[in-house]
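Trainee: I'd like to go over a predicted model; first the sequence, then the structure.
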Amino acid sequence: MAQYGVGRLPDAQVHVNGHGTAAASVNGASTNGITNGSSTTNGNGIKLTIRKKLDRKKSSPMLPTFMVSAPGKVIVFGEHAVVHGKAAIAAAISLRSYLLVTTLSKSRRTVTLRFPDIDFNHTWNIDELPWSTFSHPSKKKYYYDLVTSLDPELVAAIQPYLADVSGDKPSEIRKVHQNSAGSFLYMFLSLGSQSFPGCQYTLRSTIPIGAGLGSSATIAVCMSAALLLQLRTLSGPHPDQPADEARLQVERINRWALVYEMFIHGNPSGVDNTVATQGKAVLFQRTDYSRPPSVRPLYEFPELPLLLVDTRTPKSTAHEVAKVERLRHAHPKLVGSILDAVDKVTESARDLIEERSFDTGDEECLRRVGELMTINHGLLVSLGVSHPRLERVRELVDHEGIGWTKLTGAGGGGCSITLLRPGVPREKLDRLEERLEEEGYQKFETTLGGDGVGVLWPAVLKNGMDEDEEGGMEIDLENFLNAEGNEGVERLVGVHGGWGRGKGGSFGGLRVRGEGKGKGVMGKRRAGLVWSSLVWSGLFTGPEWVGPDAKG
Ligand SMILES: Nc1ncnc2c1ncn2[C@@H]1O[C@H](COP(=O)(O)OP(=O)(O)O)[C@@H](O)[C@H]1O
Ligand SMILES: C[C@@](O)(CCOP(=O)(O)O)CC(=O)O
């Protein structure tokens with residue numbers, strides 16, 4: 001297969017030569033550091049002005065600094081059962097992770113992970129990593145391979161490189177850092193080669209960590225997309241990319257993201273990374289772990305008035321998944337039927353929301369979805385994955401008759417979602433909000449059905465401001481690290497106020513974006529495009545951020 005460069009992104013050009021390899025030139029700074037200030041014409045006959053704007057970097061990097069981003073998710077139906085081959089319905093949210101990739105000058109042979117949210121920072125010397133083990137013909141994996149399990153010998157080969165990670169930190173924290181480092185090294189060594197350029201991967205996220213919103217999967221997706229982009233194995237995203245080609249890109253990103261997730265969790269179903277990759281809402285099922293999952297985009301996923309509450313009680317997905325597995329082992333028939341029942345709930349929910357007469361404005365329709373959520377939660381309680389703090393949210397919501405609540409994600413803490421009953425008096429909602437606040441809960445405002453993985457290449461925003469004349473606002477390591485809190489990060493990357501935030505209905509809760517009945521969360525999608533160039537349109541004047549549309 002021909003390898004392409006990163007595609008026709010703004011100010012970026014890719015030349016695919018006759019040998020199927022690519023050389024990219026970005027903003028006039030060719031990747032070998034030679035610049036020119038002339039004009040050229042692209043394959044569509046569109047004149048491109050090659051500018052010298054990014055010549056401001058003195059280090060003549062191999063590739064420009066770029067950024068990738070992926071959304072968190074909520075599982076609306078089917079968590080845990082999905083690990084055991086049942087179906088789940090999940091949707092992307094507007095909270096996201098952002099990964100800045102800075103390529104170093106040729107002489108610097110190091111790779112650095114900087115995860116300030118968890119106070120993690122580590123550098124390895126690229127030439128000292130165990131390349132020979134990973135590139136041995138019996139072990140070598142390629143970007144197009146489907147990797148469905150971790151190779152114990154490869155896992156063992158990276159252990160020495162984890163030994164000095166966060167050696168000065170308490171053991172619990174060290175374990176988390178070593179896990180992050182291990183996932184990264186496994187993917188880096190599998191996909192890369194010793195000639196890989198020195199670089200820094202800096203991550204910031206607006207997703208609460210370990211709260212059931214798929215934070216780890218977003219990092220997995222960002223890392224996978226970043227490495228595949230650096231390897232120039234992704235063509236695009238660009239607006240006129242053929243749907244099949246784009247689907248393949250999304251599939252590859254997702255496959256490698258699962259490898260990262262496997263390292264973090266052991267036995268992930270893959271639903272989190274799938275939603276983080278392709279965004280929107282999906283019906284997901286993986287019956288055979290040696291094969292890709294079945295993923296069906298839910299184009300008609302409705303605009304549900306949801307409230308997302310974080311118990312602020314940390315949990316471990318691996319621990320909760322292992323708990324269910326133990327229970328299944330001890331009571332195979334019984335737990336088998338509970339998992340089957342969850343499957344039926346998901347199936348009923350799918351049938352319900354796909355009914356032509358389904359209307360989110362209709363109390364009866366919402367009540368039926370709500371009842372399914374209540375049943376799903378009950379089944380999760382019987383699997384032992386709820387938590388007193390989650391039950392407390394249910395108690396408060398039920399007491400006021402406000403709606404229907406279930407835990408979302410792994411449980412054992414983390415988040416709950418409540419479907420709000422229509423017409424609930426404002427005072428009741430205010431009272432609930434007050435109680436939740438008093439008791440240390442955090443309410444999240446987000447929208448469902450957000451876009452999947454996106455790329456900002458190069459990491460320069462055009463905001464319609466004066467600075468656009470100068471080539472746009474550059475996101476560099478310093479301003480990324482110095483951005484204050486979630487707001488600062490969102491402002492810096494051009495999504496100030498959060499994507500869809502503030503449109504969350506009277507309670508300010510989580511709400512599905514869409515265009516009303518019949519359109520669902522996919523209502524704003526553009527037909528025929530999988531990677532689309534203006535997914536965050538309205539926030540930018542130019543098509544800088546690009547991401548996949550989820551058309552199946
Ligand atoms: N902002 C972040 N920076 C670095 N690592 C993160 C971040 N968010 C999540 N992680 C990683 O993901 C793990 C949490 O994943 P998980 O238990 O699946 O929770 P979640 O439900 O949020 O996905 C953390 O232990 C850490 O390894
Ligand atoms: C419990 C599970 O179904 C979802 C876990 O979600 P999270 O890690 O809590 O965001 C596990 C999985 O699907 O891999």
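Mentor: Noted; the coordinates are in hand. Ligands and ions are numbered 1, 2, ... in the order given.
Trainee: flag every buried residue along stretch 188-201.
Mentor: Neighbour counts over stretch 188-201 (16 or more other CB atoms under 10 Å) mark Phe188, Leu189, Ser190, Leu191, Gly192, Phe196, Pro197, Gly198, Cys199, Gln200, Tyr201 as buried. Just so you know, the C-beta spots here come from the backbone N, C-alpha and C atoms, and that holds for glycine as well.
Trainee: burial check on the closest residue to ligand 1 within the stretch 401-550 of the chain, number of neighbours?
Mentor: Residue of the stretch 401-550 of the chain nearest ligand 1, by CB to the nearest ligand atom: Gly409 (5.0 Å). Residues near Gly409, counting by other CB atoms under 10 Å, number 28.
Trainee: how far away is it from ligand 2?
Mentor: 3 Å (CB to the nearest ligand atom, to the nearest Å).
Trainee: cool, Glu400 as well?
Mentor: 27 Å.
Trainee: what's that residue sitting at in phi/psi?
Mentor: phi -90, psi -10 (degrees, to the nearest 10).
Trainee: and the nearest residue to it once chain neighbours are set aside, its phi and psi?
Mentor: Distances taken as CB to CB, 6 or more residues apart in numbering put Lys428 closest to Glu400, at 4.7 Å, once the chain neighbours are dropped. As for Lys428, its main-chain torsions (degrees, to the nearest 10) stand at phi -70, psi -40.
Trainee: equivalent analysis for the one 4 residues further on, please.
Mentor: Backbone torsions of Leu432, given as degrees, to the nearest 10, read phi -60, psi -50.
Trainee: could you point out which element follows the lengthiest strand in the chain?
Mentor: Determined from DSSP state E, the single longest strand within the chain is strand 88-103. Following strand 88-103 in sequence order, the next helix or strand is strand 110-115 (DSSP states H and E).
Trainee: list the contacts of that following strand.
Mentor: For strand 110-115, the external contacting residues (CB atoms under 8 Å, 6 or more residues apart in numbering) are 104, 120-126, 180-181, 184, 188, 196, 198-203, 481.
Trainee: give me that answer again for 6 Å
Mentor: 121-126, 184, 198-203 (CB atoms under 6 Å, 6 or more residues apart in numbering).
Trainee: buried sites along that strand?
Mentor: Val111, Thr112, Leu113, Arg114, Phe115.
Trainee: with stretch 372-384 instead?
Mentor: Quick answer for stretch 372-384 (16+ other CB under 10 Å): Leu372, Met373, Thr374, Ile375, Asn376, His377, Leu379, Leu380, Val381, Leu383.
Trainee: quick check: helices, which of the contacts of strand 110-115 are part of them?
Mentor: Among those, the residues falling in helices (DSSP state H) are Phe184.
Trainee: that older thread, which one among the buried residues of strand 110-115 gets closest to ligand 2?
Mentor: Nearest to ligand 2 among the buried residues of strand 110-115, with distances taken as CB to the nearest ligand atom, is Phe115, at 17.2 Å.
Trainee: tell me the pLDDT at the closest one?
Mentor: On pLDDT, Phe115 comes in at 98.
Trainee: repeat for Gly454
Mentor: 86.
Trainee: show me which residues of the protein sit near ligand 1.
Mentor: 115, 117-118, 176, 179-180, 203, 205, 209-217, 219, 264, 316-317, 409 (CB under 6 Å from any ligand atom).
Trainee: same thing but 8 Å
Mentor: 72, 97, 115-118, 120, 176-177, 179-180, 183, 203-205, 207-219, 264-265, 272, 315-318, 409-410, 414 (CB under 8 Å from any ligand atom).
Trainee: just checking, which of these belong to strands?
Mentor: Those of those lying in strands (DSSP E): Gly72, Ser97, Phe115, Phe120, Leu203, Arg204, Ser205.
Trainee: reformat these as TSV; add distance to Gly494.
Mentor: As requested, these are exported to TSV (distance: CB to CB, whole Å):
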residue	distance to Gly494
Gly72	18
Ser97	15
Phe115	22
Phe120	26
Leu203	18
Arg204	14
Ser205	16
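Trainee: among the buried residues of stretch 372-384, which one sits closest to ligand 1?
Mentor: Of the buried residues of stretch 372-384, the one sitting nearest to ligand 1 (CB to the nearest ligand atom) turns out to be Leu380, at 14.7 Å.
Trainee: next, count neighbours for Ser105.
Mentor: By the criterion of other CB under 10 Å, Ser105 has 14 neighbours.
Trainee: I should have written Gly454 there, sorry.
Mentor: 27.
Trainee: ok, it to ligand 2 distance?
Mentor: 20 Å.
Trainee: next one: phi and psi at that residue?
Mentor: According to degrees, to the nearest 10, Gly454 has phi -130, psi 160.
Trainee: tell me the contacts of Lys73?
Mentor: Ala90, Ala92, Gly214, Asp272, Val275.
Trainee: try 7 Å
Mentor: Residues near Lys73 by CB atoms under 7 Å, 6 or more residues apart in numbering: Ala90, Ala91, Ala92, Ile93, Leu213, Gly214, Asp272, Val275, Ala276.
Trainee: many thanks, we can stop here.
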